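*Asks:* below is the sequence, then the predicted model.
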Amino acid sequence: MAKRLWGLIAAAGSGQRLRAGTPKQYHHLAGRPILAWSLDALCQVPDIAGVMIVRAADDALFDRASLRRDDRVRDCPGGAERQDSIRAGLAALRDWGAAEGDGVLVHDAARPAVPATDITRLIEAVADDPDGGLLAAPVRDTLKRADAAGRVADTPSREGLWQAMTPQLFPLGRLQTALARDTRVTDESQAMEGLGARPRLVAGDPGNIKYTYPEDIHWLANAIERNRRRAPE
Ligand SMILES: Nc1ccn([C@@H]2O[C@H](COP(=O)(O)OP(=O)(O)OP(=O)(O)O)[C@@H](O)[C@H]2O)c(=O)n1
Ligand SMILES: C[C@](O)(CO)[C@H](O)COP(=O)(O)O
């Protein structure tokens with residue numbers, strides 16, 4: 001069977017930094033839940049075999065959320081940390097029939113404004129690369145490291161520094177092996193790097209931000225509107 005491409009949406013977080021009652025993946029953006037935008041971003045990928053939404057085990061909002069429901073979308077419970085949720089989602093994809101050599105696009109539910117064109121460029125750049133790759137943006141600003149007193153400790157060089165985004169695209173079996181190691185990682189690329197992989201950085205739209213703090217919703221609304229204007233008629 002030809003290699004297939006799957007999607008995995010990390011949507012099992014609790015949004016602590018947002019300090020809001022409702023988990024941020026269910027906050028509304030341009031009239032729809034944040035999760036609906038992120039789900040549609042993966043479902044619009046041509047020939048995607050299926051998308052696994054990884055939700056909190058006790059998520060009481062998921063069933064009521066107005067999300068795309070069809071035979072290409074399934075869901076499973078996540079775990080305490082993001083990497084536990086990714087592990088759970090990968091196992092659920094294997095149970096669904098995904099093969100070790102298939103590709104998996106891992107995407108944060110909290111990144112609803114990823115342009116479809118960026119996902120296409122990521123797939124074209126790394127679909128056959130065993131080390132995979134990720135959308136990212138070169139660091140634009142001078143960086144400062146803070147000391148305990150909130151003062152500048154030093155100015156690390158920003159030479160060659162990028163901010164990781166999602167989707168990140170990796171061979172499913174290799175990513176499972178990478179995440180089986182007992183090391184704390186904050187993205188799938190870091191797990192793959194632990195195997196010695198050197199994932200490809202694919203420049204993405206800086207508007208593909210992660211909804212982390214309350215003020216981010218305004219930037220995301222602008223990004224959604226910009227994507228809408230750019231979309232082919
Ligand atoms: N145990 C977890 C933690 C996070 N995520 C998901 O990973 C993405 C990025 O994580 P983050 O922005 O940190 O979300 P939260 O963990 O919800 O936010 P916070 O760290 O502020 O609690 C989000 O879509 C979140 O739902 C997940 O699937 N499982
Ligand atoms: C995966 C990620 O969005 C890449 O920048 C980021 O690492 C998620 O981190 P978080 O602390 O779980 O938001």
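*Replies:* It's in. Ligands and ions are numbered 1, 2, ... in the order given.

*Asks:* dump the residue contacts of the residue located most distally from the centre of the chain.
*Replies:* In the chain, the residue that sits farthest from the middle, by Cα atoms, centre = their mean, is Ala149; the gap is 33.4 Å. Neighbour list for Ala149: empty [criterion: Cβ atoms under 8 Å, 6 or more residues apart in numbering]. Backbone N, C-alpha and C define where each C-beta goes, glycine included.

*Asks:* again with Leu143
*Replies:* 155-156, 158, 161.

*Asks:* before we move on, back to that, what pLDDT does the model give the residue farthest from the centre of the chain?
*Replies:* As predicted, Ala149 sits at a pLDDT of 98.

*Asks:* what separates it from ligand 2, distance-wise?
*Replies:* Separation of Ala149 from ligand 2 (Cβ to the nearest ligand atom, to the nearest Å): 25 Å.

*Asks:* sorry, back to before: nearest to Ser38, of the contacts of Leu143?
*Replies:* Nearest to Ser38 among the contacts of Leu143: Leu161, at 25.6 Å, using Cβ to Cβ.

*Asks:* sec struct for Ala20, please.
*Replies:* coil (DSSP: H, G, I helix; E, B strand; the rest coil).

*Asks:* out of the contacts of Leu143, which are buried?
*Replies:* In terms of neighbour count (16 or more other Cβ atoms under 10 Å), there are no buried residues within these.

*Asks:* got a markdown table for those, with distance to ligand 1, secondary structure and pLDDT too?
*Replies:* Below are the contacts of Leu143 laid out as a markdown table (distance: Cβ to the nearest ligand atom, whole Å; DSSP: H, G, I helix; E, B strand; the rest coil; pLDDT from 0 to 100):
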| residue | distance to ligand 1 | secondary structure | pLDDT |
| --- | --- | --- | --- |
| Thr155 | 26 | coil | 98 |
| Pro156 | 23 | coil | 97 |
| Arg158 | 23 | coil | 96 |
| Leu161 | 20 | coil | 98 |
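
*Asks:* keep only those that also lie close to ligand 2.
*Replies:* When the contacts of Leu143 are checked against ligand 2 using Cβ under 6 Å from any ligand atom, none falls in range.

*Asks:* for the chain, what spans make up the helices?
*Replies:* For the chain, the helices defined by DSSP state H occupy 34-43, 82-96, 116-126, 172-180, 188-193, 216-230.

*Asks:* out of those helices, nearest to ligand 2?
*Replies:* helix 82-96 (4.3 Å; Cβ to the nearest ligand atom).

*Asks:* just the C-alphas of that closest one, formatted as PDB.
*Replies:* Coordinates of each C-alpha in helix 82-96 appear next as PDB, following Å, rounded to 0.1, in the frame of the first residue of the first chain:
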ATOM      1  CA  ARG A  82       1.500  17.400  25.600                       C
ATOM      2  CA  GLN A  83       3.900  14.600  24.700                       C
ATOM      3  CA  ASP A  84       1.700  12.100  26.500                       C
ATOM      4  CA  SER A  85      -1.200  13.300  24.300                       C
ATOM      5  CA  ILE A  86       0.900  12.900  21.200                       C
ATOM      6  CA  ARG A  87       1.900   9.400  22.200                       C
ATOM      7  CA  ALA A  88      -1.800   8.500  22.800                       C
ATOM      8  CA  GLY A  89      -2.800  10.000  19.400                       C
ATOM      9  CA  LEU A  90      -0.100   8.100  17.500                       C
ATOM     10  CA  ALA A  91      -1.200   4.800  19.200                       C
ATOM     11  CA  ALA A  92      -4.800   5.600  18.200                       C
ATOM     12  CA  LEU A  93      -3.700   6.200  14.600                       C
ATOM     13  CA  ARG A  94      -2.000   2.800  14.500                       C
ATOM     14  CA  ASP A  95      -5.100   1.200  15.900                       C
ATOM     15  CA  TRP A  96      -7.000   3.000  13.100                       C
END
